[in-house]
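Enquirer: model the following, please.
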Amino acid sequence: MKRLFAISLLASVLSMPVQAQLIAAREAPVAMGHMHLNVSDIDEHKRFWVDVIGAEAGKLDTMEYVKYPNALIFLHEQKPTDGTKGSSVNHIGIQFPDVPAMVSKVRAAGVPVVTKAEISRNRAKGDIFFSPSQFRYLAFIMGPDELKIEMFENRALKTPLANHHIHFAGQDDKKMQAWYAEIFGAKPMRRGIFEAADLPGVNLTYTRTDTPQEPIKGRVLDHIGFEIDDLESFCRKLESRGIKFDRPYEHVKSLGFSIAFLTDPWGTNIELTEGLDKL
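Expert: Numbering: from 1, shown residues only. Okay, here's the model as predicted:
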């Protein structure tokens with residue numbers, strides 16, 4: 001069943017319009033690809049993503065998707081086991097030119113704004129807090145099925161929204177940072193007070209937790225995806241370093257598309273693809 005669903009998904013995405021949004025992936029060997037959501041109500045998610053957030057939606061056969069620069073979001077109608085909080089990916093980050101305006105918009109739509117001034121050196125103002133180190137406003141909202149999203153302000157952004165970061169949580173943030181640097185070539189850095197690493201199209205941010213976090217598979221954010229050039233060789237290199245794949249490299253000849261699945265040491269389900277950047 002999982003195999004049939006994955007092939008069905010890939011058949012659908014190959015029909016996507018040419019203006020698909022994986023801009024960075026067209027210019028880098030490893031880059032941000034997609035996120036896959038398990039959702040209890042596709043229509044509710046489409047209203048949220050399109051009417052509130054501002055993403056573009058489409059329907060391909062039975063597959064629903066939304067997209068914005070450097071992210072494709074696939075919506076699979078399956079009741080998730082839980083939200084993102086408490087899992088190895090605490091939330092995702094989307095950047096906007098004007099966060100206070102977006103907070104007003106999401107509040108008017110009835111979307112919960114759940115910001116807390118969690119960073120002591122940031123100055124809170126109601127549901128929004130200001131980061132003096134970055135000169136940006138930040139706010140957290142809770143989307144359908146308890147999908148936690150950080151709205152991150154980038155006043156220089158030329159589009160209404162764009163992908164920004166994936167925020168991981170685990171007991172050793174430095175080990176997480178080092179693993180993604182070693183496996184995917186992410187460039188280690190610090191983002192504010194956090195350990196982080198950059199890949200084209202996305203920042204990977206890591207928070208240290210006191211207790212282990214749950215795996216994401218089956219939750220609202222079921223898996224994240226990276227787009228890889230020459231995926232077969234990439235997978236061989238990882239296998240030679242002892243990386244175990246949940247689903248080994250497979251080229252679906254009839255579709256001209258390649259995929260593989262693995263799980264990081266902290267429970268994040270990751271799909272590797274080759275071909276999404278051509279859509």
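Enquirer: every contact and neighbour count from this point should use C-alpha atoms.
Expert: Noted.
Enquirer: need phi/psi at the residue nearest the centre of the chain.
Expert: In the chain, the C-alpha nearest the mean C-alpha coordinate belongs to residue 35, at 4.8 Å (Cα atoms, centre = their mean). Backbone torsions for residue 35, taken as degrees, to the nearest 10, come to phi -130, psi 150.
Enquirer: list the residues that contact it.
Expert: Taking Cα atoms under 8 Å, 6 or more residues apart in numbering as the criterion, residue 35 is in contact with 71-74, 221-225.
Enquirer: now rank those by neighbours and give me the top one.
Expert: residue 221 (31 neighbours; other Cα atoms under 10 Å).
Enquirer: tell me what that one is bridged to.
Expert: residue 37 (DSSP bridges).
Enquirer: would you check that it makes contact with residue 38?
Expert: Yes - between residue 221 and residue 38 there is a contact under Cα atoms under 8 Å: 6.4 Å.
Enquirer: returning to that earlier point: where does the residue nearest to the centre of the chain land on pLDDT?
Expert: Among the per-residue scores, residue 35 holds a pLDDT of 97.
Enquirer: contacting residues for residue 33?
Expert: Contacts were defined as Cα under 8 Å, 6+ apart; by that measure residue 33 touches 22, 25, 70-72, 224-227, 273, 276-277.
Enquirer: from those residues, which two are the most distant?
Expert: Among the contacts of residue 33, the pair separated by the greatest distance (Cα to Cα) is 224 and 277, at 15.4 Å.
Enquirer: show me which of the contacts of residue 33 is closest to residue 182.
Expert: residue 226 (14.6 Å).
Enquirer: secondary structure element holding that closest one?
Expert: strand 221-228 (DSSP states H and E).
Enquirer: got the contact list for that strand?
Expert: Residues contacting strand 221-228 (Cα under 8 Å, 6+ apart): 25, 29-38, 83-84, 147, 216-217, 234, 268-277.
Enquirer: are any of those residues buried, and if so which?
Expert: 25, 29-38, 83-84, 147, 216-217, 234, 268-277 (16 or more other Cα atoms under 10 Å).
Enquirer: next step: those restricted to helices.
Expert: Among the buried ones among the contacts of strand 221-228, the members falling in helices (DSSP state H) are residue 234.
Enquirer: about what we covered before: got TSV for the contacts of residue 33, with pLDDT too?
Expert: Shown next, in TSV, are the contacts of residue 33 (pLDDT from 0 to 100):
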residue	pLDDT
22	84
25	85
70	96
71	95
72	92
224	98
225	97
226	97
227	96
273	93
276	78
277	76
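Enquirer: just send those residues back as a markdown table, with distance to residue 176 too.
Expert: Below are these laid out as a markdown table (distance: Cα to Cα, whole Å):
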| residue | distance to residue 176 |
| --- | --- |
| 22 | 25 |
| 25 | 22 |
| 70 | 23 |
| 71 | 22 |
| 72 | 24 |
| 224 | 15 |
| 225 | 17 |
| 226 | 16 |
| 227 | 20 |
| 273 | 22 |
| 276 | 26 |
| 277 | 26 |
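Enquirer: any low-confidence regions in the stretch 151-279 of the chain?
Expert: 252-256, 279 (pLDDT under 70).
Enquirer: so which residues of it form helices?
Expert: 173-184, 231-240 (DSSP state H, counting those that start in this stretch).
Enquirer: out of those, which one sits most buried?
Expert: When the helices of the stretch 151-279 of the chain are scored by mean count of other Cα atoms under 10 Å, the highest mean neighbour count falls to helix 173-184 (a mean of 17).
Enquirer: which neighbouring elements make contact with it?
Expert: strand 187-191, strand 194-199, strand 202-208 (3 or more Cα pairs under 8 Å, 6 or more residues apart in numbering; DSSP states H and E).
Enquirer: in a markdown table: those, plus distance to residue 178 and mean neighbour count.
Expert: Formatted as a markdown table, the helices and strands packed on helix 173-184 follow (distance: least, Cα to Cα, whole Å; neighbours: other Cα atoms under 10 Å):
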| stretch | distance to residue 178 | mean neighbour count |
| --- | --- | --- |
| strand 187-191 | 8 | 16 |
| strand 194-199 | 9 | 22 |
| strand 202-208 | 11 | 23 |
